[in-house]
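**Student:** Sequence and computational prediction follow.
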Amino acid sequence: MAKKSKTGEWLEYCALRGACVVACLVPYRAALAFCDAMAFLMVRVFRFKRKRTLGRLKGAFPDKTRKECLEIAQSSLANIFKTAIEMMRAPKFTRDWMNKYIIDGEEYKRRLQEYVDEAKGVVIMVPHSANWYMAAWSMAKYGLKLFAIAAKQRNKKIDAWMKRQYCDIEVLDRGSSRTLVDIKNRLESGGAFAILPDLRVPQPDVEVDFLGSKANVSHAGAMFAVKCSSPIVVAAMRREGARHRFVHIATLRPNPEAKDKKLEAERLTREAMRLIDAEIRANPGDWFWYNKRWILQPVGGTGKKM
């Protein structure tokens with residue numbers, strides 16, 4: 001992909017900061033209502049990527065009607081807009097704000113802390129569904145020692161902005177030579193590692209059934225749990241109107257007697273993905289059907305995308 005010019009980077013950054021000003025001035029609930037209205041217009045009137053998205057939905061849900069698929073597509077697009085708004089407003093989120101908009105947030109933080117205290121850290125796997133950032137922001141705001149990894153943005157100014165928006169979450173650079181060591185060290189010192197399973201690993205890894213097709217998923221997150229004897233919490237953040245609920249799906253524990261650590265990590269990865277698949281099917285409007293980052297495609301990037 002061609003590198004942006006300095007002028008292009010500045011224009012992109014200025015547009016983002018201008019959008020941030022507007023997003024932060026508008027009351028939160030009003031901003032969410034605007035997102036719902038925009039999603040309705042984009043899907044129903046302007047037919048934004050509608051054919052492609054409905055094709056994906058029909059592949060995952062062959063029994064759903066066209067009307068039901070349209071409703072899911074509209075909800076999914078509204079969710080993308082809402083997540084963008086919340087990312088722009090993230091530094092304004094206080095603990096009092098979390099108490100108002102996160103249902104039972106402090107109670108869930110207490111449960112996660114118990115997992116950390118009983119073992120060497122905890123690995124938290126969540127799907128790219130609803131606002132996973134809100135799950136991380138809330139747990140970190142309540143005092144959980146949370147860290148994650150993220151890829152660098154091509155625009156350095158936007159990359160620096162993104163790091164500021166992570167707020168209380170410690171973010172390690174994806175691809176750094178020290179990242180794997182840093183993750184292990186932080187788990188062993190009682191950290192909570194938040195990870196979203198990557199569905200587009202370029203090299204063959206763990207093949208799983210996912211949304212009516214096959215996904216090639218990295219076993220790295222589960223491998224950290226195996227090596228550090230950390231439990232894996234599979235969870236999701238669901239939207240309930242303007243509020244958010246952190247939902248505990250299951251706790252997976254590595255077998256301490258497993259002789260082959262890689263096979264054990266693969267087993268845990270398959271089980272986590274089975275649970276995530278079920279969560280998405282139960283709440284399909286929260287899944288990001290539009291974002292090509294999580295479209296299933298063959299290993300190596302060849303072949304036709306879904």
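**Tutor:** That came through fine.
**Student:** Please make it C-alpha for all contacts and neighbour counts, starting now.
**Tutor:** OK.
**Student:** Dihedrals phi and psi, the residue nearest the centre of the chain?
**Tutor:** Nearest residue to the geometric centre of the chain (CA atoms, centre = their mean): residue 128, 3.4 Å. Per-residue torsions, residue 128: phi -80, psi 70 (degrees, to the nearest 10).
**Student:** just the helices in this structure please.
**Tutor:** Along the chain, counting by DSSP state H, helices occupy 6-25, 28-40, 50-60, 66-89, 95-101, 105-118, 132-141, 156-165, 179-188, 220-228, 261-282.
**Student:** Show me which residues of the longest one are buried.
**Tutor:** Along helix 66-89, these residues count as buried under the neighbour rule (16 or more other CA atoms under 10 Å): 69-70, 72-89.
**Student:** Ok, the second one next?
**Tutor:** Of the residues in helix 28-40, 28, 31-32, 34-36, 38-40 count as buried by neighbour count, 16+ other CA under 10 Å.
**Student:** try the third one
**Tutor:** Buried residues in helix 50-60, counting neighbours by 16+ other CA under 10 Å, are found at 50, 53-54, 56-58, 60.
**Student:** where does this protein dip in pLDDT?
**Tutor:** Within the chain, the stretches with pLDDT under 70 are 1-4, 292-306.
**Student:** Repeat the analysis, applying 50 as the threshold.
**Tutor:** For the chain, the stretches flagged by pLDDT under 50 are 1, 298, 301-306.
**Student:** returning to that earlier point: of the helices of the chain, which is nearest residue 172?
**Tutor:** helix 179-188 (6.5 Å; CA to CA).
**Student:** Could you give the separation of the closest one from the chain centroid?
**Tutor:** Remark: helix 179-188 is offset 20 Å from the chain centroid, using CA atoms, centre = their mean, to the nearest Å.
**Student:** next one: stretch 9-25
**Tutor:** On CA atoms, centre = their mean, the centre of stretch 9-25 falls 23 Å from that of its chain.
**Student:** Residues touching that stretch, excluding its own?
**Tutor:** Residues outside stretch 9-25 that contact it (CA atoms under 8 Å, 6 or more residues apart in numbering): 31, 85, 88-89, 155, 157-158.
**Student:** hmm, back to that, save the buried residues of helix 28-40 as TSV, and put in distance to residue 8 too.
**Tutor:** Output for the buried residues of helix 28-40, formatted as TSV (distance: CA to CA, whole Å):
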residue	distance to residue 8
28	30
31	28
32	29
34	28
35	27
36	30
38	27
39	28
40	31
